[in-house]
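Student: could you look at this predicted model? Sequence included:
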Amino acid sequence: MPLLTTPRRSEAGGSTINWDSFGVESDPPLVLIQGFSAQMLGWHPGFCARLAEAGFHVIRFDNRDVGGSQRYPQGGYLMSDLADDTADLIEGLGLGPTHIVGQSMGGMIAQYLAVQRPDLVKTLGLLYTSAKLDHVQGRDDVIGILDTSEVTREQYVANYLVAESLCASSAWPQDVAWIEELGGEMYDAGYDPKGIQRQLECILAYTDRTDDDRGIAVPTAIMAGDSDRLIDFAASLELHELIPGSTLRIFPGMGHELPRALWDDLVHELRENADRA
């Protein structure tokens, strides 16, 4: 497995961002942006290693209000602010134009970043995300099981398993053992129910990006599964129509997750997209 650095913190832009990396620093940088309530640990190390083996220096990080990154108790922030955090990290690490990959809410952040700071984005990878909330079909399910109370580690892991079951694919069994392990690691790294609630409020304030996305000019690879119960894959079809020159791959039987069986295909799509730059 390519080298994994120990977690570090960037203070760029005046906020604290927790991050680590895989691979060789001299390779082209690829920044992974996580989804709602997820920590950087949710990018499976094995998947990150595949990306590094494909020639990327992979950086993953915690969005604000989760994991080891800064808390914003005042709340009231927007997706554009999360894009600013990502820009601060890129500039703070001296990465220059970089390949950006975002999943779910991370894909929403990536869309903002590509429009707000096109100078920092070399290519985009958008994984089961959307240009507007209309396609987010699992909102009520997520809110219904979202536990923002103080819980024990055991309770948190149990709740996390239930929440992740909504993301399961129909064509492949979910990696429950890893999800259970991940839940414990996330609790230990910095469980903050109030922070998760603030991220939820940020998503609910997400505005329609359809007009702005037409101006995205970098090579963009869009991927989703037709078994996604949280964000309808029609959202990816729409993104493909909006973003000029984008590529689209819909995986039969994939849910709101990255099944191990598809890692090679996903990495191939991202490598091909990077080569287009």
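Tutor: Now that the structure is in, tell me what you want to look at.

Student: OK, contacts around residue 245?
Tutor: 219, 220 (CB atoms under 8 Å, 6 or more residues apart in numbering). C-betas here are computed from N, CA, C, even on glycine.

Student: how close does it get to residue 28?
Tutor: 20 Å (CB to CB, to the nearest Å).

Student: and for residue 271?
Tutor: To residue 28, residue 271 is 10 Å away according to CB to CB.

Student: quick one: common contacting residues for the two?
Tutor: Counting by CB under 8 Å, 6+ apart, the residues touching both residue 271 and residue 28 are residue 55.

Student: ignoring the adjacent residues along the chain, who's closest to residue 135?
Tutor: Counting by CB to CB, 6 or more residues apart in numbering, residue 235 is the residue found nearest to residue 135 once chain neighbours are left out, at 3.5 Å.

Student: what of residue 176?
Tutor: residue 161 (6.9 Å).

Student: pLDDT of the helix or strand hosting that neighbour, averaged?
Tutor: Assessed by DSSP states H and E, residue 161 sits inside helix 153-165. Predicted confidence along helix 153-165 averages 92 (mean pLDDT).

Student: touching, the residue nearest to residue 135 and residue 130? I think so.
Tutor: Yes. Contact status for residue 235 versus residue 130: in contact at 3.6 Å, counting by CB atoms under 8 Å.

Student: pull up the overlap in contacts between those two.
Tutor: With CB under 8 Å, 6+ apart as the test, residue 235 and residue 130 both reach residue 136.

Student: what about those two, which has more around it?
Tutor: Between residue 235 and residue 130, counting by other CB atoms under 10 Å, residue 130 is the more crowded of the two (28 against 24).

Student: phi, psi of the more buried one?
Tutor: The phi/psi pair for residue 130 (degrees, to the nearest 10) reads phi -150, psi 160.

Student: pLDDT score for it?
Tutor: So residue 130 comes in at 98 (pLDDT).

Student: and for residue 8?
Tutor: 75.

Student: re earlier: what helices or strands is the helix holding residue 161 leaning on?
Tutor: helix 139-145, helix 176-190 (3 or more CB pairs under 8 Å, 6 or more residues apart in numbering; DSSP states H and E).

Student: quick one: the strands in this protein?
Tutor: Along the chain, the stretches classed as strands by DSSP state E are 8-10, 17-22, 29-33, 57-61, 98-103, 121-127, 220-225, 247-251.

Student: returning to what we had before: least confident of the helices and strands packed on helix 153-165, on average?
Tutor: helix 139-145 (a mean of 62).

Student: follow-up on the earlier one: quick one: the helix holding residue 161 to helix 176-190, angle?
Tutor: Interaxial angle of helix 153-165 relative to helix 176-190 (axes from the mean of the first three to the mean of the last three CA atoms, to 10 degrees): 130 degrees.

Student: buried residues, helix 153-165. List them.
Tutor: For helix 153-165, burial by neighbour count (16 or more other CB atoms under 10 Å) applies to 156, 157, 159, 160, 163, 164.

Student: ok, the residue nearest the centre of the chain to residue 276 distance?
Tutor: Closest to where the C-alpha atoms of the chain average out (CA atoms, centre = their mean) is residue 34, at 2.6 Å. According to CB to CB, residue 34 and residue 276 sit 25 Å apart.

Student: again with residue 113
Tutor: 19 Å.

Student: neighbour count: those two, which is higher?
Tutor: residue 113 (26 against 12).

Student: any idea of the pLDDT on that one?
Tutor: Reported pLDDT for residue 113: 98.

Student: could you do residue 199 as well?
Tutor: Looking at residue 199, its pLDDT reads 94.

Student: isn't it right next to residue 39, touching?
Tutor: No. Counting by CB under 8 Å, residue 199 does not reach residue 39; the two are 11.4 Å apart.

Student: okay, and the common contacts of these two?
Tutor: Common neighbours of residue 199 and residue 39, counting by CB under 8 Å, 6+ apart, are residue 66.

Student: tell me who's in contact with residue 57.
Tutor: 21, 22, 23, 24, 25, 26, 27, 28, 29, 30.

Student: partners of the spatially closest residue to the fifth one that is not a sequence neighbour in the sheet?
Tutor: Taking CB to CB, 6+ apart, and ignoring the residues beside it in sequence, residue 25 has residue 57 as its nearest neighbour in space, at 5.5 Å. With DSSP bridges applied, the residues forming beta bridges to residue 57 are residue 29.
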